[in-house]
Structures are given as C-alpha cells and as structure tokens.
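Chemist: Provided below are the primary sequence and the corresponding predicted coordinates.
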Amino acid sequence: MTSTEQLLPRRRMQALMAAATALLVGGIVGRFRTGSAILMLLCFIVLAGVALSPEFALGFAILAQTNFLGLIDPELLSIPGLFKISDIAFVLLLVPLVEDLATRRFQIERLRTAFLAPVALIIGVALFNIFLSNLREGVPLSLGFRIGRRYVFYALFFVAYYALTEPRRLEWMMRGCRLAGVVSALVVMAVFFTGSEWLSAGMVTGEYPTAAEFTRPYSPAFPLIILAFFDSLAHTLASRGRTHWLTVAALGVTAGGILVDLSRNGWMAVIVGSGAMWWVMRRGGLFPRWRATRLAFGGLVALAVLGVFAAQFTGRGLGDALQVFGDRFVSTFADVGQMRGTFGQRIDILTTRMHLMSEEPTTFIWGLGFATTQVRAIDLALAAEVGMGDFTLLGGENGVATILAELGVLGLIAVAWFSWLVIKRGLWLGTRARDPRGRTLGPALAACHLSFVVQFLSLSSLSFAYSPYVMATALLMAMIERQYRFSLAALAAAPLPGAGRSR
C-alpha cells in the first residue's frame, strides 16, 4: 500500500467530520438566519472537498475574496464587526499547511525562494503597523486588523508555492483562473447592459454619466479577468498546429469584459502588457502561422457577445456602446494633459497624504498605519472645506497613496522588489525555457503583473492593496516562480546538443 493510499482513509474521515460539523453549525445558525445556515453548510462541504485537494483551497479562497466573482453580497453571511464571507479565505489558506503539519509531511525547504523576502517584508510591515496604530493613535487592534488584513493575504503566495509542486496542479490552477475570468467577464457584460441587481449583488455599480442605458460595474473579479485574458492571449499566439478555438473565444470574452469595465487605466495597462508579451514571445521565437487570424477571430467574438447583449437588453445598439467606449478612451488624454477628472482627483489624494505624512517625516518609512487618516478625517475635512467623506479612505482609489500611507516606503520597496522578480522570471521563461508550457505561461503571467504595475503607477485602482488584487498577485507570483523551477529542471535534464551521437 502506497503512502497516498494510506492517507486517503484519513482524508475521507476529515471529509465526514466536516460534513457532520456543517450540519451541527448550520442547524444552530439556522435558528437565527436561514440564508446564513445554508451558506455555512455549503462552506463546510467545501472544507470537506479541500481535505481532498489543496488546489481547491486556493481557488475557493480567491473566490471568497472576490465575493464569488461579484455574485454574492458579502453581508449575506456575516457577523457585524467580526466576520464576513471573505474571511473564509483565512481558514482555507491554513488547510494545506496544517494538514501536512498534522501528518508530519511538512517540508520547510519547499518554501525557499527569492520571493520570500519581499513577500515577508510587506506582510511584516502590515502587522507592525496594526500594532503601531494601536499604540500611537489608540486604534483598536480588531479595527486595525480588519483594515490591514488584506496585506496578510499575501501569505497566499507561500501556500500556493508550497502546494503547487507538480506541473499537473499548476495547470489545473491556471485553467481554474481562466474559467473564473471568463465567467466574471460574462457577468460584467450582463450587468453593463442590463443593470441586474441580482447579478451584481457582490459588486458596486453606477450609471455612466453620458449613457444612462448602461450600468458601469466595478467587479472585484476584474484582476481575474485580466489574468484570464493574458493566459488566453499567450495560448492564442503560441499555439502551433491545431487551433484551439475555445481559447480564442475565451480571449474574446475576457476582452469584452475588460472593455465594458470602462476603466481607462485598465485599458492602457492591458495594451502595455500585451505589447510587452508580444515582444518577449517574439524574442523567444514563438511566431505561429495564422496568429493574426486567431486574434481577429477573438475580436469578432468580443463584438458578437457585446452585440448580443446590446440588442437583447438595451434600447441602444452595439454602435452606441462602441461610441461610449471611444469617448471614454479619448477623454483619457484630456484628463491627463489638463490634470482634471479622476486623474486630477488622484493627484490631489496623493499630495494630501504626503502633506499629512510630512508633519512627521518618520512616517515616510513605515507609513501612517491603519485608520490613522480616519481618526484625523474631521480636521482634514475642515481644513479643505469639503465633506468628511472625501478623506475617510487612506488612499481612495489611488493605489500608490494607499501603499505609501499604510506601509510607507518599505511597502513600496516590497512591491518594486517582487514586481522586478516577476518580470525577470517572465523574460527568462519566454526566451530561455525549453519546455513549451514555460515559454507560454511565463510571458502571460509577467504581462499580467506588468499591467497591474501600470495601473498602480497611473495612480488608479488599488493594485497591490485591494484584497482581490492582492490574492491574484500572490497566486501569480507563486505560479511563475513554480513554473520557473519546473523549466529550470527541464533545462537541466535536456540533453546537450550533439549528445548521444556516435562517431
């Protein structure tokens, strides 16, 4: 009997115990709230499945952080001030490690990686500031943790890097991300054209000012859509022989999802990332025939899906939607050139936070902490003669301001550090890896991360600071580093040119 066969009965017992616990807890909670009882039951059933697959823990943790692709209201399963559905991720991320610790199979050497230092740095600074905010400003530890816990989710990197030790597991994880991105894109497009409150229960929505018929969705799963887009684009460009039309279709659907998000910096980021990936894959010699045909097909899929939604659910056609996209894109250059609109507001957010930190220069090192700006919100509002709500977020929608205010220069160093490592790994995989999977996945993940960097530097979004982006970034780092290890091993095992030839 193998060690795996010996372990299966124990895992099945874990599954039975989880299901029994689900019935007990679900029955207790159900006395107070039926919906919570049902979701609690589902959560424990999921835990039973996690006992059989560590990849399932990673995937479900990410889904929890994105409010299940924006479909579930985060308040549906919650204890005010204590627990939300996204907190399930903390439990799930512990499962693969605790299981190996309990069965004495834990191997610390599986965590040795160049990413260890930057990821540990950003988590360490966050935990330090949680306690510092309590000591300096009297912010309760529970409040500080609830605000700063999103940085703790960078620990997903360690769990993913530890668990994804086989190419098969890495492949399934990437397929799951692609599927989640495609589903998210379809949901986002449906919300854009219909304004459905049922589909947008877990996301923020708003009317687009110049087109009342369209609803702008702010989906927490947007980083998954970008990740799926680049994975599909890389496969479309690198595919040799038989064309994988489902992959090309996924490319079109995710492109449509990115388009209807109406995030101008998101569009720019994807354009930059796509150009960089094209350049790396060209250097790597990946120039398949008919790539232009496949890209054109992906574009037609995007237009077809948008056209179906437009014709079915709105009184305006696809041309009206495309005009909205065009006007939105053109306005980018005017806003940046004249420092107006949302770009001007984000500049103001950054300068306001820097002015606040200049009152105590040491805060530039590790930041102001968590809830500090909220504590001073009234004073800031009175000084600026604006509503207090303008200052209730540390960074607003400005990722750079958020990292700087909450984690200081140390946080920015950590972001720059692991970003450099990701791009370096992607360049190596795209140009030097011998295995086809490495030459495709490496550039895709690096391009996706580069798009996050562009969003971050454009003072928009909350790249590297917003929980869904943190989860996607951490998983992305783990996958590219693990693929780098796989490709290094494949390169070492490959025979030298001319080896084995007889004279």
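Modeler: Looks like it came in fine. Numbers count the residues shown, from 1 in each chain.
Chemist: Check which helix or strand Ala117 maps to.
Modeler: helix 116-137 (DSSP states H and E).
Chemist: could you give the mean pLDDT of that helix?
Modeler: Helix 116-137 carries an average pLDDT of 90.
Chemist: Could you list every helix and strand that the next helix or strand after that helix packs against?
Modeler: Once the chain leaves helix 116-137, the next helix or strand it forms, by DSSP H and E, is helix 141-152. Judged by 3 or more CB pairs under 8 Å, 6 or more residues apart in numbering; DSSP states H and E, the packing partners of helix 141-152 are helix 116-137, helix 399-432, helix 467-493. Using the backbone N, CA and C atoms, a C-beta is placed for each residue, glycine as well.
Chemist: Report the angle between the first one and helix 467-493.
Modeler: Relative orientation of helix 116-137 with respect to helix 467-493: 160 degrees, computed using axes from the mean of the first three to the mean of the last three CA atoms, to 10 degrees.
Chemist: about what we covered before: so for the helix holding Ala117, what gets flagged as buried?
Modeler: 118-119, 121-123, 125-126, 128-130, 132-134, 137 (16 or more other CB atoms under 10 Å).
Chemist: thinking again about what came up before, identify whichever of the helices and strands packed on helix 141-152 lies nearest to Pro223.
Modeler: Distance to Pro223, taken as CB to CB, is lowest for helix 467-493 among the helices and strands packed on helix 141-152, at 3.9 Å.
Chemist: surely Leu251 meets Thr236?
Modeler: Yes: using CB atoms under 8 Å, Leu251 makes contact with Thr236 at a distance of 5.4 Å.
Chemist: More neighbours: which of those two?
Modeler: Regarding Leu251 and Thr236, a neighbour count based on other CB atoms under 10 Å identifies Leu251 as having more, with 29 against 23.
Chemist: Quick check: that one vs Glu171, distance?
Modeler: 18 Å (CB to CB, to the nearest Å).
Chemist: hey, which helix or strand in this protein has the poorest pLDDT?
Modeler: In the chain, no helix or strand scores lower on mean pLDDT, DSSP states H and E than helix 377-384, which sits at a mean of 44.
Chemist: rewinding a little: any chance of the helices and strands packed on helix 141-152 in CSV, with distance to Tyr151 too?
Modeler: Converted to CSV, the helices and strands packed on helix 141-152 look like this (distance: least, CB to CB, whole Å):
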stretch, distance to Tyr151
helix 116-137, 4
helix 399-432, 7
helix 467-493, 7
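Chemist: so which of the ones you listed comes closest to Ala444?
Modeler: helix 399-432 (8.1 Å).
Chemist: Kindly calculate the angle that that closest one makes with helix 467-493.
Modeler: Using the same axes, to 10 degrees: helix 399-432 against helix 467-493 is 20 degrees.
Chemist: Return the helix or strand following helix 399-432 as CSV; C-alpha atoms alone will do.
Modeler: Next helix or strand after helix 399-432 toward the C-terminus (DSSP H and E): helix 436-457. Below are the C-alpha coordinates for helix 436-457, written out as CSV (Å, rounded to 0.1, in the frame of the first residue of the first chain):
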residue,chain,number,x,y,z
PRO,A,436,6.5,24.8,-24.3
ARG,A,437,4.4,25.4,-21.1
GLY,A,438,7.1,27.6,-19.5
ARG,A,439,7.5,29.6,-22.7
THR,A,440,3.8,30.3,-22.8
LEU,A,441,2.8,30.7,-19.1
GLY,A,442,5.9,32.8,-18.1
PRO,A,443,5.2,35.7,-20.5
ALA,A,444,1.5,35.6,-19.8
LEU,A,445,1.9,35.9,-16.0
ALA,A,446,4.6,38.5,-16.3
ALA,A,447,2.5,40.6,-18.7
CYS,A,448,-0.5,40.4,-16.3
HIS,A,449,1.7,41.6,-13.5
LEU,A,450,3.1,44.4,-15.6
SER,A,451,-0.5,45.5,-16.3
PHE,A,452,-1.1,45.6,-12.5
VAL,A,453,2.1,47.8,-12.2
VAL,A,454,0.9,50.2,-14.9
GLN,A,455,-2.5,50.5,-13.1
PHE,A,456,-0.6,51.1,-9.9
LEU,A,457,1.8,53.8,-11.3
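Chemist: Could you give me the buried positions within helix 436-457?
Modeler: 437-456.
Chemist: And that helix, what does it pack against?
Modeler: Short answer (3+ CB pairs under 8 Å, 6+ apart): helix 436-457 packs on helix 167-194, helix 222-238, helix 264-283, helix 399-432, helix 467-493.
Chemist: Pick the most buried one from these.
Modeler: helix 222-238 (a mean of 27; mean count of other CB atoms under 10 Å).
Chemist: tell me the angle of the next helix or strand after that helix relative to helix 222-238?
Modeler: The C-terminal neighbour of helix 222-238 among helices and strands, as given by DSSP H and E, is helix 245-260. Here the directions of helix 245-260 and helix 222-238 differ by 140 degrees (the same axes, to 10 degrees).
Chemist: Buried ones in helix 245-260, by neighbour count?
Modeler: 247-260.
Chemist: can you count the residues close to Gly138?
Modeler: Quick note: Gly138 (other CB under 10 Å) scores 9 neighbours.
Chemist: Grab the nearest non-local neighbour of Arg169.
Modeler: Glu55 (5.5 Å; CB to CB, 6 or more residues apart in numbering).
Chemist: tell me the contacts of the one you found?
Modeler: The contact partners of Glu55, taken as CB atoms under 8 Å, 6 or more residues apart in numbering, are Ala163, Leu164, Arg169, Trp172, Met173, Gly176.
Chemist: Just put those in JSON lines and tack on distance to Met479 and pLDDT.
Modeler: Formatted as JSON lines, those follow (distance: CB to CB, whole Å; pLDDT from 0 to 100):
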{"residue": "Ala163", "distance to Met479": "11", "pLDDT": "85"}
{"residue": "Leu164", "distance to Met479": "7", "pLDDT": "88"}
{"residue": "Arg169", "distance to Met479": "10", "pLDDT": "88"}
{"residue": "Trp172", "distance to Met479": "11", "pLDDT": "89"}
{"residue": "Met173", "distance to Met479": "7", "pLDDT": "90"}
{"residue": "Gly176", "distance to Met479": "11", "pLDDT": "90"}
